[in-house]
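Participant: quick check, what structure comes out for this input:
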Amino acid sequence: MTSSDASRDWQRWHERRVESVSAPYGPLALIGTHWIGDYPDGRLPDIPGRWRDDGDAVVLAAAETDGLTVDAQPFAGEVRLTADPGTVARARVAYGQRRLVVLVREGVWGVRDYDPESPARRAFGGLRATPYDPRWAVPGRFTPYDTGGRTVRVPNADGRERGLGLGGELAFELDGRELTLQVTVQQDGSPWAVFADATSGNSSYRFRFLRPGAPDAEGRTTVDFNRALLPPCAFADHFVCPFPPPGNTLDVAIAAGERMLA
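Facilitator: The predicted structure follows:
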């Protein structure tokens, strides 16, 4: 692929990202994440019904006058809910146009409240991203840990600490310097990194995500910082993004990819 082809491909990727994050049920629509254990009376802020943790599920009790729907039907009574597996738009519970997404993190149940009319979505003015530059796309090599996967405890954006599963190390070279990132291995085999760099908190958001393609049989992939992503918590304070694990704060300035909201 020529540099001009890569630049056009990046532009299409960027346009798809803007469309995705500003979609009716994209990250800008999130107006709350409520952990059910924090509300012993079962009343979540500005959400009808009573919600309780029942071990392996959430139990919702509501009256017809509460105005909730479950599976697109007016709801009254009691229902057990497991974590919503699909897109936000397909969440089982709705309150008008809002979608109430059931989730679980390390055995703790919660509800995310998405509203297409959120102030953040209405105010969205785009993403600040640096145009494509081939210097930021370099060969990389993924090496799985000899001991298999490991879990490290890292702070999350909501102030709580949670486990982050890591599967190996991604090595690459930038401007003559050998660098590494500790990465999670996703279900499709591709690595995922949470990283910070010398621009973080200044000309870029405080940390970002990187999702290279799945490595080949010899561990080779491309590390392309042109496609560095803002994490969900850059769009709404109610996400629980993990901070970079030890070793993933680079002392170089990665002036590439998505930087912050416009």
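
Participant: leaving out chain neighbours, which residue sits closest to the residue sitting nearest the centre point of the chain?
Facilitator: Nearest to the geometric centre of the chain sits Pro232, at 4.4 Å (Cα atoms, centre = their mean). Distances taken as Cβ to Cβ, 6 or more residues apart in numbering place Phe239 nearest to Pro232, at 4.0 Å, with adjacent residues excluded. In this view, the C-beta of every residue, glycine as well, is placed from N, C-alpha and C.

Participant: how about the contacts made by the one you found?
Facilitator: With contact set as Cβ atoms under 8 Å, 6 or more residues apart in numbering, Phe239 has these partners: 27, 30, 33, 157-158, 231-233.

Participant: the residue nearest to the centre of the chain and Pro27 touch, don't they?
Facilitator: Yes: Pro232 is in contact with Pro27 according to Cβ atoms under 8 Å; the separation is 4.6 Å.

Participant: and the residue nearest to the centre of the chain, what does it touch?
Facilitator: Pro232 touches 27, 30, 239, 241, counting by Cβ under 8 Å, 6+ apart.

Participant: burial count for Tyr39?
Facilitator: For Tyr39, the tally of surrounding residues (other Cβ atoms under 10 Å) stands at 17.

Participant: ok, the residue nearest to it when sequence neighbours are not counted to Leu174 distance?
Facilitator: Using Cβ to Cβ, 6+ apart and skipping the chain neighbours, the partner closest in space to Tyr39 is Trp51 (7.4 Å). Distance, Trp51 to Leu174, using Cβ to Cβ, to the nearest Å: 48 Å.

Participant: then Gly110?
Facilitator: On the measure of Cβ to Cβ, Gly110 and Leu174 end up 38 Å apart.

Participant: looking at the two, which one has more neighbours?
Facilitator: Neighbours around Gly110 and Leu174, counted as other Cβ under 10 Å, are more numerous at Gly110. The numbers are 23 against 15.

Participant: mind listing what the more buried one touches?
Facilitator: Contacts for Gly110 (Cβ under 8 Å, 6+ apart) come out as 33-36, 102-104.

Participant: tell me the first helix or strand C-terminal of the lengthiest helix in the chain.
Facilitator: If you go by DSSP state H, the chain has its longest helix at helix 3-21. Once the chain leaves helix 3-21, the next helix or strand it forms, by DSSP states H and E, is strand 30-35.

Participant: and the contacts of the next helix or strand after that next one?
Facilitator: Going down the chain from strand 30-35, the next helix or strand is strand 50-53, by DSSP H and E. Contact with strand 50-53 is made by 36-37, 39, 41-44, 58-62, 109, 111, as judged by Cβ under 8 Å, 6+ apart.

Participant: which pair in the residues you listed spans the largest distance?
Facilitator: Farthest-apart pair in the contacts of strand 50-53 is Gly37 and Ala62; separation 19.5 Å (Cβ to Cβ).

Participant: who's more crowded, those two?
Facilitator: Ala62 (23 against 11).

Participant: now the helices for this structure?
Facilitator: Assigned by DSSP H, the helices in the chain fall at 3-21, 119-123.

Participant: dump those to JSON lines, plus mean pLDDT.
Facilitator: As requested, the helices of the chain are exported to JSON lines (pLDDT from 0 to 100):
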{"stretch": "helix 3-21", "mean pLDDT": "95"}
{"stretch": "helix 119-123", "mean pLDDT": "97"}
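
Participant: could you dump these to JSON lines with mean neighbour count and distance to Ala137?
Facilitator: Below are these laid out as JSON lines (neighbours: other Cβ atoms under 10 Å; distance: least, Cβ to Cβ, whole Å):
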{"stretch": "helix 3-21", "mean neighbour count": "13", "distance to Ala137": "7"}
{"stretch": "helix 119-123", "mean neighbour count": "14", "distance to Ala137": "31"}
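
Participant: any idea which of those gets closest to Asp146?
Facilitator: helix 3-21 (34.6 Å).

Participant: run through who's touching the closest one.
Facilitator: 1, 26-28, 124, 126-127, 129, 131-132, 134, 137, 226-227, 229, 235, 258.

Participant: are any of those residues buried, and which?
Facilitator: 26-28, 124, 127, 129, 132, 137, 226-227, 229, 235, 258 (16 or more other Cβ atoms under 10 Å).
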